[in-house]
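Participant: quick one: sequence and predicted model below, then my questions.
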Amino acid sequence: MNPNVPRGAAMLLDFVAGLEINRPGRAGYETIIGYRNEKPGALPKPITGMTLDELLVEQKRWVRNLKAPSGAAGRYQIIRPTLLSLIAELGVPLSATFTPELQDRFGLALLQRRGWSQFAAATLSLRDFGNRLAREWASFPVLSRQQGAHRTVERGESYYAGDGINASLTKATNAEAVLAEVLNELSRAPAPAKPTPVPLPTDPAPTPEPTPPRKGWGPLGWSILGLAIAVSLVVAAFTLPLPF
């Protein structure tokens, strides 16, 4: 799964893919027209290696030559008109490759179209969001009785029931349980980490001034001292009285 897809959205896309193609790993991203794939070697390359321009050409060929009901491609079974609208909406160049990462990006965009942001923000009810998803993916059941694409559909049926092709592939209670778990996952999202407090700078301890070195007498000092002593002795010799 593309790491840019939020955790809750990734859970929901996994559930949708399980209904739409029921193939694990990379094989799911290489699925064309539901469970129906052409014989090995019939495709010039796997669809995960095709550019969007190449895939659009192939989708037209599948419908025209294979008499397929749609050109649904990839993990989220994107039909040709939907793919064209996603390319225009997201500004993806036709030279881009239909990789698993790009397919996940398209899948998230389809969730957004059906109200993912509002659902995650609790401004769109679980039932209403589920009913919107049922309009995007025929295998996803409606969660309440309503007018479908071809007739009135009951809770648990496909929105497209009555066309002789599509049908819901799970119960409404299963879809509701997954949506509830997605909400729980969103509520468990970790809170932003608190910034670590930065200690205030302290004034550095003053550097003690160096003690000046003690000066010695030196040769000149000793000479002056000796001269002073000699002068004192001479003066004493002339000034002191003689003992006789």
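Facilitator: Cool, the structure landed.

Participant: could you say which helix or strand holds the spatially closest residue to Phe106 that is not a sequence neighbour?
Facilitator: Distances taken as Cβ to Cβ, 6 or more residues apart in numbering place Leu86 nearest to Phe106, at 5.1 Å, with adjacent residues excluded. All C-beta atoms are positioned from the backbone trio N, CA, C, and that covers glycine. Leu86 is part of helix 80-90 when elements are defined by DSSP states H and E.

Participant: please give the element, helix or strand, for the residue nearest to Ala172 when sequence neighbours are not counted.
Facilitator: Nearest non-adjacent residue to Ala172, counting by Cβ to Cβ, 6+ apart: Gly156, 4.2 Å away. Under DSSP H and E, no helix or strand contains Gly156.

Participant: need the contact list for Gly156.
Facilitator: Going by Cβ atoms under 8 Å, 6 or more residues apart in numbering, Gly156 touches 141-142, 168, 171-172.

Participant: what pLDDT does it get?
Facilitator: We note a pLDDT of 98 for Gly156 in this prediction.

Participant: ok, Pro190 next?
Facilitator: With respect to pLDDT, Pro190 scores 60.

Participant: again, but for Lys194
Facilitator: At Lys194, pLDDT is 57.

Participant: ok, Gly162 touching Arg151?
Facilitator: Yes: contact status for Gly162 versus Arg151: in contact at 4.3 Å, counting by Cβ atoms under 8 Å.

Participant: higher neighbour count, these two?
Facilitator: Neighbour totals were compared for Gly162 and Arg151, and Gly162 leads with 16 against 11 (other Cβ atoms under 10 Å).

Participant: got the domain boundaries for this structure?
Facilitator: Using automatic domain parsing, the domain parsing of the chain gives 1-113, 124-188.

Participant: whichever strand or helix holds Ala175 - what's its average pLDDT?
Facilitator: Using DSSP H and E, Ala175 maps to helix 172-187. Looking at helix 172-187 alone, the average pLDDT works out to 96.

Participant: which positions in it come out as buried?
Facilitator: 172, 175, 178-179, 182-183, 185-186 (16 or more other Cβ atoms under 10 Å).

Participant: what does that helix contact?
Facilitator: 7-9, 11-12, 15, 119-120, 122, 126-127, 129-130, 133, 140-143, 155-156.

Participant: I'd like the distance from it to the chain centre, please.
Facilitator: Distance of helix 172-187 from its chain centroid, counting by Cα atoms, centre = their mean, to the nearest Å, is 21 Å.

Participant: what does stretch 140-160 give?
Facilitator: For stretch 140-160, the distance to the chain centre is 34 Å (Cα atoms, centre = their mean).

Participant: end-to-end on that stretch?
Facilitator: 10 Å (Cα to Cα, to the nearest Å).

Participant: for Leu111, what are its contacts?
Facilitator: Counted by Cβ under 8 Å, 6+ apart, Leu111 has contacts 9, 12-13, 133.

Participant: mind running it again at 7 Å?
Facilitator: 9, 12 (Cβ atoms under 7 Å, 6 or more residues apart in numbering).

Participant: so it is in which element?
Facilitator: Assigned by DSSP H and E, Leu111 falls in helix 100-113.
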